[in-house]
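*Asks:* with the sequence up front, the predicted model follows.
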Amino acid sequence: MFCESFTDKVIEHFMCPRNAGSMPDADAEGTCGDPSCGDSLTLYIKVKDNVIEDISFLVFGCVAAIATSSMTTELVKGKPLDESLKLTDADITEALGGLPENKLHCSVLGATALKNGIENYRNKMTEHHGANKQ
Amino acid sequence: MNKTVYADNAATTALSKTAFEAMLPYLTTEYGNPSSVYSFGQNAKRAIQNAREKIASAIGALPEEINFTSGGTEADNWAIKSTAKLDQNTGKHIISSVIEHHAVLHTLDSLKEQDYEITCLGVDEYGQISLQELCSAIRKDTVLISIMAANNEIGTILPTAPIGAIAREHGVIFHTDAVQAVGHIPINVRVMNIDMLSLAGHKFRGPKGIGALYVKKGLDLPAIIHGGGQEHNLRSGTENVAGIVGLGAALEEAASNMKKNMKKVSALRDKLISGVLQIPHVRLTGDPTDRLPGIASFAVEGVEGESMVIMLDQNGICASSGSACSSGSQEASHVLLATGLPSQLAHSSIRFSLNEDNSEKDVDYILEKLPAII
């Protein structure tokens, strides 16, 4: 179940996660999971001209949770919002070279948190513009 | 992955040289079947009897009270299922604890299907039961008390002798899963009023796949494995001669070195514990004083258990965690949750279990690597 079943890419992202850390000046946050279930992810995004200029994450979870979260940020950094919304858990898993069957659910964390983050950002923008109109 | 430090002795232990050497003839030249009447078979039979005497002596029992099984799990299954069968006319109530090993808990679950009522005593933050609560739980229809001698995840040593005394006073059969305790701390079935006890070889440097159930003389426990009538009709199946010999040799060795080992191992454990507690956001789980000599178990705020295990593995250290991922289910350790640890912390556990094979260098290495990992 352990090291033998994880790909080198998964171990790499686990040992040296990309973009790990919080972002106090983030434009929006997206979360997924529940610490009491053993898996919880928060993604932070900074958006400019509808492109994810910067992204970081904080996660509580196992090897696969950390690796998938890290890979998620790597896949969408610098990408437009609309394109990022299309990212699926399968894309994340594929980018990592696969995950053991009982860890596939971890890739859902990244995809869902990202969608939530982008949605939160867009809601904020709508509110902001709405307030300006008044 | 090269192993540098093995700190998971509660999961399994390396076979001791003594046990290995004792077993070797029975894996090579002495392959006789103990049930065969010719002298070659009788050699094996004598070896088994010899091992039986060693095990009995280590726990204060009579040789005829020792029955060999395939391990601790089988012993637990046998003790519980057979007592239920034996006393089904007296009642259908069993008392156990919430921190038992799954071999006990799942066996008890299976009895619920036969309308058995199970009372599982809760534990405090140290994993200790309340003797008062035990007394109050005993009813006219209670047929068995099954409470472990020491817990595998948090190291807590339970008050086996007082529990035995209470069981004796109320005339209830007392079984203890002593798999983690035997070979590590003194166990005496007479002094502690134990009626049945489970033990497993691979927890005290014996081989895997062999264990025993001690059953007090006079308790006519029915068999659950039927067949050729071995073990006086109590547990059929051609005996695992080499395994039994290894079990006996390992336990004899552990028993004779117990005082020395307890001292050495608990010193290593204490050094590890005080070192680890220097790391912020880490707490000890289990009883700080009544704990097994080798178990150093912790919960680390904000860090998930399995990731710690893998990172330690990347550094050549073998340890374990009660976290969900490492147990294959989505639920955190039932033992940690029972001590009142919040769910998230129960997913953040790490357990180091040392034994006489570990050295101070091992402890120093763990202390060197762990802070960075966390």
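*Replies:* It's in. Computed from a predicted structure; not experimentally measured.
*Asks:* please count neighbours and contacts with C-alpha atoms only from this point.
*Replies:* Noted.
*Asks:* element containing B:Ser136?
*Replies:* Per DSSP states H and E: B:Ser136 is located in helix B:131-137.
*Asks:* and after that helix, which helix or strand comes next?
*Replies:* With DSSP H and E, the next secondary element past helix B:131-137 is strand B:142-146.
*Asks:* and the helix holding B:Ser136, what does it pack onto?
*Replies:* strand B:117-121, helix B:160-170 (3 or more C-alpha pairs under 8 Å, 6 or more residues apart in numbering or on different chains; DSSP states H and E).
*Asks:* any idea how far it is from the middle of the chain?
*Replies:* 24 Å (C-alpha atoms, centre = their mean, to the nearest Å).
*Asks:* within the helices and strands, which one has the spatially most central residue of chain A?
*Replies:* Nearest to the mean C-alpha position of chain A, by C-alpha atoms, centre = their mean, lies A:Gly110 at 3.8 Å. Using DSSP H and E, A:Gly110 sits in helix A:106-133.
*Asks:* skipping its backbone neighbours, what lies nearest residue 77 in space?
*Replies:* Since no chain was named, I'll use chain A. When the adjacent residues along the chain are set aside, A:Lys77 lies closest to A:Ile52, with 5.7 Å between them (C-alpha to C-alpha, 6 or more residues apart in numbering or on different chains).
*Asks:* think we crossed wires, I meant chain B
*Replies:* Using C-alpha to C-alpha, 6+ apart, the closest residue to B:Asn77 is B:Thr107 (6.0 Å).
*Asks:* burial count for the one you found?
*Replies:* If you count neighbours by other C-alpha atoms under 10 Å in any protein chain shown, B:Thr107 ends up with 17.
*Asks:* return the residues in contact with it.
*Replies:* Applying C-alpha atoms under 8 Å, 6 or more residues apart in numbering or on different chains, we find B:Thr107 in contact with B:Asp76, B:Asn77, B:Ile80, B:Lys81.
*Asks:* give me the contacts around the helix or strand harbouring A:Ser69.
*Replies:* For A:Ser69, the host element (DSSP H and E) is helix A:63-76. Contacts of helix A:63-76 with the rest of the structure, by C-alpha under 8 Å, 6+ apart, involve A:10-14, A:17-20, A:39, A:41, A:52, A:55-57, A:59-60, A:84, A:92-93, A:95-96, A:99, A:103, A:106-107, A:109-111, B:306-307, B:310.
*Asks:* likewise for stretch A:45-62?
*Replies:* A:19-23, A:25-29, A:35, A:38-44, A:65-66, A:69-70, A:73, A:76-81, A:117, B:302-307, B:325.
*Asks:* off-centre distance for that stretch?
*Replies:* Relative to its parent chain, stretch A:45-62 has a centroid offset of 7 Å by C-alpha atoms, centre = their mean.
*Asks:* what about it, how long is it end to end?
*Replies:* 23 Å (C-alpha to C-alpha, to the nearest Å).
*Asks:* tell me the mean pLDDT over it?
*Replies:* Here stretch A:45-62 scores 93 as its mean pLDDT.
*Asks:* what of stretch B:195-209?
*Replies:* 97.
*Asks:* now it: buried residues?
*Replies:* Buried positions in stretch B:195-209, judged by neighbour count with 16 or more other C-alpha atoms under 10 Å in any protein chain shown: B:195-209.
*Asks:* distance between the ends of it?
*Replies:* End-to-end distance (C-alpha to C-alpha), stretch B:195-209: 23 Å.
*Asks:* which helix or which strand is home to A:Thr42?
*Replies:* strand A:39-48.
*Asks:* measure how that strand sits relative to helix A:63-76, angle-wise.
*Replies:* If you take axes from the mean of the first three to the mean of the last three C-alpha atoms, to 10 degrees, strand A:39-48 sits at 10 degrees to helix A:63-76.
*Asks:* so B:Ala212 makes contact with B:Leu199?
*Replies:* Yes - counting by C-alpha atoms under 8 Å, B:Leu199 is a contact partner of B:Ala212 at 5.4 Å.
*Asks:* about what we covered before: okay, the angle between the helix holding A:Gly110 and helix A:63-76?
*Replies:* Using the same axes, to 10 degrees: helix A:106-133 against helix A:63-76 is 50 degrees.
*Asks:* and helix A:106-133, what's buried?
*Replies:* For helix A:106-133, by 16+ other C-alpha under 10 Å, it's A:106-122.
*Asks:* elements contacting it?
*Replies:* Under the contact definition 3+ C-alpha pairs under 8 Å, 6+ apart, helix A:106-133 sits against strand A:28-34, strand A:39-48, helix A:63-76, helix A:81-85, helix A:89-95.
*Asks:* state the mean pLDDT of it.
*Replies:* Helix A:106-133 shows a mean pLDDT of 86 in the predicted model.
*Asks:* now that helix, how far from the centre of its chain.
*Replies:* 13 Å.
*Asks:* what does stretch B:90-109 give?
*Replies:* The answer for stretch B:90-109 is 15 Å, by C-alpha atoms, centre = their mean.
*Asks:* kindly report the same for stretch A:17-37.
*Replies:* So, by C-alpha atoms, centre = their mean, the centroid of stretch A:17-37 is 8 Å from its chain's centroid.
*Asks:* quick one: contacts of it?
*Replies:* A:39-47, A:55-58, A:60-61, A:66-67, A:70-71, A:73-74, A:109-110, A:112-118, A:120-121, B:330-332, B:342-344, B:347.
*Asks:* buried set for it?
*Replies:* Under 16+ other C-alpha under 10 Å, the buried positions of stretch A:17-37 are A:17-20, A:22-23, A:26-33, A:35, A:37.
*Asks:* state the pair within the residues you listed that is farthest apart.
*Replies:* Based on C-alpha to C-alpha, the longest span within those runs between A:Asp27 and A:Cys37 and measures 27.6 Å.
*Asks:* B:Phe298: what's it in contact with?
*Replies:* Contact analysis of B:Phe298 by C-alpha under 8 Å, 6+ apart lists B:Val282, B:Arg283, B:Leu284, B:Thr285, B:Ser349, B:Ile350, B:Arg351.
*Asks:* bridged to it, which residues?
*Replies:* B:Leu284, B:Ile350 (DSSP bridges).
*Asks:* now the strands for chain B?
*Replies:* B:5-6, B:66-69, B:93-97, B:117-121, B:142-146, B:173-177, B:196-200, B:211-215, B:282-284, B:295-300, B:317-318, B:349-353 (DSSP state E).
*Asks:* how about those in a markdown table, adding distance to B:Ile154?
*Replies:* A markdown table is the format used below for the strands of chain B (distance: least, C-alpha to C-alpha, whole Å):
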| stretch | distance to B:Ile154 |
| --- | --- |
| strand B:5-6 | 18 |
| strand B:66-69 | 26 |
| strand B:93-97 | 14 |
| strand B:117-121 | 17 |
| strand B:142-146 | 19 |
| strand B:173-177 | 15 |
| strand B:196-200 | 18 |
| strand B:211-215 | 22 |
| strand B:282-284 | 9 |
| strand B:295-300 | 6 |
| strand B:317-318 | 17 |
| strand B:349-353 | 8 |
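*Asks:* just say which of those strands is most tucked in.
*Replies:* Highest mean neighbour count among the strands of chain B (mean count of other C-alpha atoms under 10 Å in any protein chain shown): strand B:196-200, with a mean of 30.
*Asks:* quick one: strands adjacent to that one?
*Replies:* Short version: by DSSP bridges, strand B:196-200 pairs with strand B:173-177 (parallel), strand B:211-215 (antiparallel).
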